[in-house]
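> Provided below are the primary sequence and the corresponding predicted coordinates.
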Amino acid sequence: MKKFSLLYILFCVGLIANAQIQEENFNASTIPTGWSATTGPTGCAWQFGYTGNLRGSGGETDNYSFFTSGGVIFDDDACGNFINNVVELEGPAVDLVAANVNSLAIEITYNHQTFGVSGDFMVDVWDGNNWQNILTVDADDTPAGTGLNQTRTIDVSSYINNAFKVKFVYDDENTKTWGIGIDNYKLLNTATASIEDLVEVGFNYSPNPITDNVLTLRAKENISSVNIYNTIGQKVISKKPVALESKILMQNLPNGVYLVQVEVGKQKGTFKVIK
């Protein structure tokens, strides 16, 4: 049985115990259960379980990126130049209201394979009535040759409903370009993530809300990394404390909601703080 199918069954009967509500790694060579996909005007389709080089990710050095255990790509170059490919990959709906989820985030790892300044990658979520865009990666902002896989964590708590779902959209803007690759997708209950994943290493944090511009993290093992993201998935702070306690200064950040990813030993967690 697919990993997603098992998680979804557990979710529906209220037995899921950790922060992860949905996950799909796209490792298999077929479309995952419950997902749907559109094709380009010539019938060009998404490729699942792709482990080859991500063309366009390495620039002139040919130092290509790849997805170690597989991912899904749309190879726009193979579909023909100057054919307006606008394709979608949509996940299954999840009833977050029945599960009493009130704090939610999406985590996605992708590689935007650009040629020049062509191609847009978008992430939308269903709010119960309409699709809402939560991320747009414009080729103007990610020029060819950047080469690295990107991971974004985006707060989507304001879109919780009884039929929540995610949709990935790629638009080549009717030009010549390489395409898009997606490695991992996770839907996280950020209200419980830190406690569930980090409790065994004695992790705790304070205060929340943050009133003095300092977030203090503590654990019984060294805190190896801390990454903080704003609500549109931009990494605003990154530290590698390698210490039992770390004080994160946030005075340069505007007031608002932030997602904090922490790694302690072999354990990882994500939680929400308010400044």
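Structure's in. What do you need?
> quick one, what contacts the residue in the chain sticking out farthest from the centre?
Distance to the chain centre peaks in the chain at residue 212, reaching 29.8 Å (criterion: CA atoms, centre = their mean). With contact set as CB atoms under 8 Å, 6 or more residues apart in numbering, residue 212 has no partners. No exception for glycine: its C-beta is placed from N, CA and C like everyone else's.
> ok, now how distant is it from residue 133?
Separation of residue 212 from residue 133 (CB to CB, to the nearest Å): 35 Å.
> ok, now residue 187?
From residue 187 to residue 133 the distance is 17 Å (CB to CB).
> Could you do residue 217 as well?
Distance, residue 217 to residue 133, by CB to CB: 32 Å.
> So which of these two has more stuff around it?
Higher neighbour count among residue 217 and residue 133: residue 217, with 23 against 11, using other CB atoms under 10 Å.
> Figure out the helix or strand that that one lives in.
Assigned by DSSP states H and E, residue 217 belongs to strand 214-229.
> Check residue 198 too.
Using DSSP H and E, residue 198 falls in helix 193-198.
> What's the first helix or strand after that helix?
Downstream of helix 193-198 (by DSSP H and E), the next one is strand 204-206.
> Show residues contacting that next one.
194, 215-219, 260, 262, 271, 273.
> so which two of those are the farthest from each other?
219 and 273 (16.3 Å; CB to CB).
> per-residue confidence for the residue nearest to residue 111 when sequence neighbours are not counted?
Nearest non-adjacent residue to residue 111, counting by CB to CB, 6 or more residues apart in numbering: residue 181, 4.3 Å away. In this prediction, residue 181 carries a pLDDT score of 94.
> helices and strands around the helix or strand hosting residue 181, which ones?
Assigned by DSSP H and E, residue 181 belongs to strand 179-189. Where contact means 3 or more CB pairs under 8 Å, 6 or more residues apart in numbering; DSSP states H and E, strand 179-189 is packed against strand 20-24, strand 71-75, strand 104-113, strand 166-171.
> Among those strands, which comes closest to residue 54?
Ranked by CB to CB, the member of those that lies closest to residue 54 is strand 104-113, at 4.9 Å.
> Tell me what angle the closest one forms with strand 214-229.
Between strand 104-113 and strand 214-229, the angle comes out at 40 degrees (axes from the mean of the first three to the mean of the last three CA atoms, to 10 degrees).
> ok, strand 104-113: who's next to it in the sheet?
Each strand paired with strand 104-113, and its direction, by DSSP bridges: strand 150-155 (antiparallel), strand 179-189 (antiparallel).
> tell me the angle of that strand relative to strand 20-24?
Using the same axes, to 10 degrees, strand 104-113 lies at 20 degrees relative to strand 20-24.
> what's residue 77 sitting at in phi/psi?
phi -60, psi -40 (degrees, to the nearest 10).
> I figured it hits residue 40, correct?
No. If you go by CB atoms under 8 Å, residue 77 and residue 40 don't touch, sitting 11.9 Å apart.
> Which of the two has more residues huddled nearby?
Each of residue 77 and residue 40 has its neighbours counted (other CB under 10 Å); residue 40 has more, 19 against 15.
> Helix, strand or coil: sort out the more buried one for me.
coil (DSSP: H, G, I helix; E, B strand; the rest coil).
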